[in-house]
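**Q** This is a predicted model, with the sequence first.
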2 protein chains.
Amino acid sequence: MPAAAATASGPGRRAGLDPDEVVAAALALVEAGGPEALTMRKLAAELGVGTTTIYWHVGSREELIAAVVRRRSEQQAATPIRGATPIDRIASVATHIMRGALDHPQVTTLAYQVGALSELEQPLEEALVAEIAAAGLRGRAAADALRAILLTVAGFIVVGLEDPATAKADARLFDRTIRAVIADRLPEEAS
Amino acid sequence: MPAAAATASGPGRRAGLDPDEVVAAALALVEAGGPEALTMRKLAAELGVGTTTIYWHVGSREELIAAVVRRRSEQQAATPIRGATPIDRIASVATHIMRGALDHPQVTTLAYQVGALSELEQPLEEALVAEIAAAGLRGRAAADALRAILLTVAGFIVVGLEDPATAKADARLFDRTIRAVIADRLPEEAS
DNA sequence: CAGTCTCTTGCACACTGTTCCAGATGCCCG
DNA sequence: CGGGCATCTGGAACAGTGTGCAAGAGACTG
């Protein structure tokens, strides 16, 4: 913000606002109060700015949400993949996907509501692809394995979002279930 | 509107509007235009009635939705369970649950949004419990098997709701995956 | 200095769910 | 028969929501 901008706020007065700040504030708002707390007016008030200014920077609520999801997706940085056997490593990635989603239930719910769940998990999804390939699966078999695993994980995520309390208790259940699904797709040598 | 209300359940009953009609109209509205099409004003207009009349009959939007879900749940009548082996029968019920949900994606989405998905599937869920018991599972093992199956099914449902096109193509994937999960829970003798 | 581009804003519109209050309408009881 | 009362009905209004419009102030460019 170059100018002093000491004068009272009004049309034309620079507020020194950029899209990144807007997205950051929006993310904070969502994590604090859930998807329904992300209101354009609340967000504007939080930034001490007029409502329409938000629109100038981010376009619309949907675009803002897309940006928020992308930001969160980047934060969900590369987590270490543990395990020696293919099944262990794949299960590890799957667990990371679920845990990452349930650690930030508000943003995950938001992403699901706008159909951006897959984008939220994209980095880890790529890791999953790599591990599946490393396990020896190619082509159709690899694609089917990936989708079967992702769909199974999705179930645990979605139900876990609705009831975070029992989600913890489902950890064992998840591990055993996802391993059954993975084992069903892996070649014989893995056990 | 002259009386003609022969079977009035209470005094003062004048025009022919009752909660059942409201729920039926709401259900039609949802199936036609999705959850966001279910507006109290649109519903009132559809019934040729004032907005507040709806509220008098059903209480609130949430209660109305609960009633709609219950109604749809009842429609989802008992479908025949096929298969001779326990795994076939359990997979059959699981498939029915998923198909029932995806055959009416709008209502399913609505139910999910208000957290009433489990109530929507309740009848079939009970059938699943029965089949699991028939397979020889009791207590904790039965409860875990039930939950593992339901969570897996949930994943296919939720993703299928977002993309009905590929949901059809996932039928094979679902069958194989759910069988892997079931087999992982069943005693040895089943195959 | 004038011109133009970049922001910023208040106001307004069309919606939403919901509540209040003023009425109608029909049954029961005196 | 007539009041009383419970059962319905609806118009208006309130507090929200996302979004579009046109005007304005500031900063940079010639």
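**A** Done, it's in.

**Q** Could you give the average pLDDT over stretch A:171-187?
**A** Stretch A:171-187 comes out with an average pLDDT of 96.

**Q** now check the host helix or strand of residue A:88, is it near chain B?
**A** Using DSSP states H and E, residue A:88 falls within helix A:86-103. No: judged by CB under 8 Å from any CB of the partner chain, helix A:86-103 makes no contact with chain B; its nearest approach is 10.7 Å. All C-beta atoms are positioned from the backbone trio N, CA, C, and that covers glycine.

**Q** of all of chain A, which residue lies closest to chain B?
**A** residue A:155 (2.8 Å; CB to the nearest CB).

**Q** Contacts only, for that residue.
**A** Residues near residue A:155 by CB atoms under 8 Å, 6 or more residues apart in numbering or on different chains: B:151-158.

**Q** got CSV for those residues, with secondary structure too?
**A** Below are these laid out as CSV (DSSP: H, G, I helix; E, B strand; the rest coil):
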residue, secondary structure
B:151, helix
B:152, helix
B:153, helix
B:154, helix
B:155, helix
B:156, helix
B:157, helix
B:158, helix
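
**Q** Adding pLDDT, write those out as CSV.
**A** As requested, the contacts of residue A:155 are exported to CSV (pLDDT from 0 to 100):
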residue, pLDDT
B:151, 97
B:152, 98
B:153, 97
B:154, 96
B:155, 96
B:156, 97
B:157, 96
B:158, 95
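
**Q** Now distance to residue A:115 too, for the residues you listed, in CSV please.
**A** As requested, the contacts of residue A:155 are arranged in CSV below (distance: CB to CB, whole Å):
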residue, distance to residue A:115
B:151, 21
B:152, 21
B:153, 20
B:154, 17
B:155, 15
B:156, 16
B:157, 15
B:158, 11
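
**Q** Show the buried residues in the residues you listed.
**A** Burial by neighbour count, 16 or more other CB atoms under 10 Å in any protein chain shown: within these this picks out B:151-158.

**Q** residues in contact with residue A:72?
**A** A:27, A:104, A:107, A:111, A:120.

**Q** List just the nearest of the contacts of residue A:155 to residue B:125.
**A** residue B:153 (9.8 Å; CB to CB).

**Q** For the most centrally placed residue in chain A, give its distance to DNA strand D.
**A** With distances taken as CA atoms, centre = their mean, residue A:120 lies nearest the centre of chain A, 3.4 Å away. Distance, residue A:120 to DNA strand D, using CB to the nearest atom of the strand, to the nearest Å: 20 Å.

**Q** now swap in residue A:134 and tell me
**A** Noted for residue A:134: a distance of 43 Å to DNA strand D, by CB to the nearest atom of the strand.

**Q** What about that residue, how many residues nearby?
**A** 11 (other CB atoms under 10 Å in any protein chain shown).

**Q** My guess is it contacts residue A:87. True?
**A** No: if you go by CB atoms under 8 Å, residue A:134 and residue A:87 don't touch, sitting 11.4 Å apart.

**Q** for the residue nearest to the centre of chain A, phi and psi?
**A** Residue A:120 adopts backbone torsions of phi -60, psi -40, taken as degrees, to the nearest 10.

**Q** Would you agree it is in contact with residue A:75?
**A** No: counting by CB under 8 Å, residue A:75 is not a contact partner of residue A:120; they are 10.6 Å apart.

**Q** tell me the pLDDT at residue A:50?
**A** Looking at residue A:50, its pLDDT stands at 94.

**Q** what's near enough to touch it?
**A** Per CB under 8 Å, 6+ apart, neighbours of residue A:50: residue A:44.

**Q** hey, where'd the helices end up in chain A?
**A** Taking DSSP state H as the criterion, chain A carries its helices at A:19-33, A:40-46, A:51-58, A:61-75, A:86-103, A:105-113, A:117-120, A:122-134, A:139-162, A:164-169, A:171-185.

**Q** These: which one's closest to residue B:164?
**A** Taking CB to CB, helix A:139-162 is the member of the helices of chain A nearest to residue B:164, at 14.6 Å.

**Q** For chain A, what lies in contact range of chain B?
**A** Where chain A comes near chain B, counting by CB under 8 Å from any CB, the residues are A:112, A:115, A:117, A:144, A:147-148, A:150-159, A:162, A:170, A:173-174, A:176-177, A:180-181, A:183-184.

**Q** Tell me how many other residues crowd residue A:68.
**A** Residues near residue A:68, counting by other CB under 10 Å: 28.

**Q** Pull up the gap between it and residue A:79, please.
**A** 21 Å (CB to CB, to the nearest Å).

**Q** Equivalent analysis for residue A:128, please.
**A** 12 Å.

**Q** Which one of those two is surrounded by more residues?
**A** A side-by-side neighbour count of residue A:128 and residue A:79, using other CB under 10 Å, places residue A:128 first with 24 against 16.

**Q** Need the nearest residue in space to that one, chain neighbours excluded.
**A** The shortest distance from residue A:128 to any non-neighbouring residue, by CB to CB, 6 or more residues apart in numbering or on different chains, is to residue A:93 (4.7 Å).

**Q** And residue A:77, by the same measure?
**A** In space, residue A:77 is closest to residue A:123, 7.8 Å off (CB to CB, 6+ apart).

**Q** so what's the one you found up against?
**A** Contacts for residue A:123 (CB under 8 Å, 6+ apart) come out as A:73-74, A:76-78.

**Q** still on that earlier bit, can you redo the buried ones among the contacts of residue A:155 as TSV with distance to DNA strand C?
**A** Output for those, formatted as TSV (distance: CB to the nearest atom of the strand, whole Å):
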residue	distance to DNA strand C
B:151	30
B:152	33
B:153	30
B:154	26
B:155	29
B:156	29
B:157	24
B:158	23
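
**Q** quick one: which of the residues you listed is nearest to residue B:138?
**A** Using CB to CB, those come closest to residue B:138 at residue B:151, 20.3 Å.
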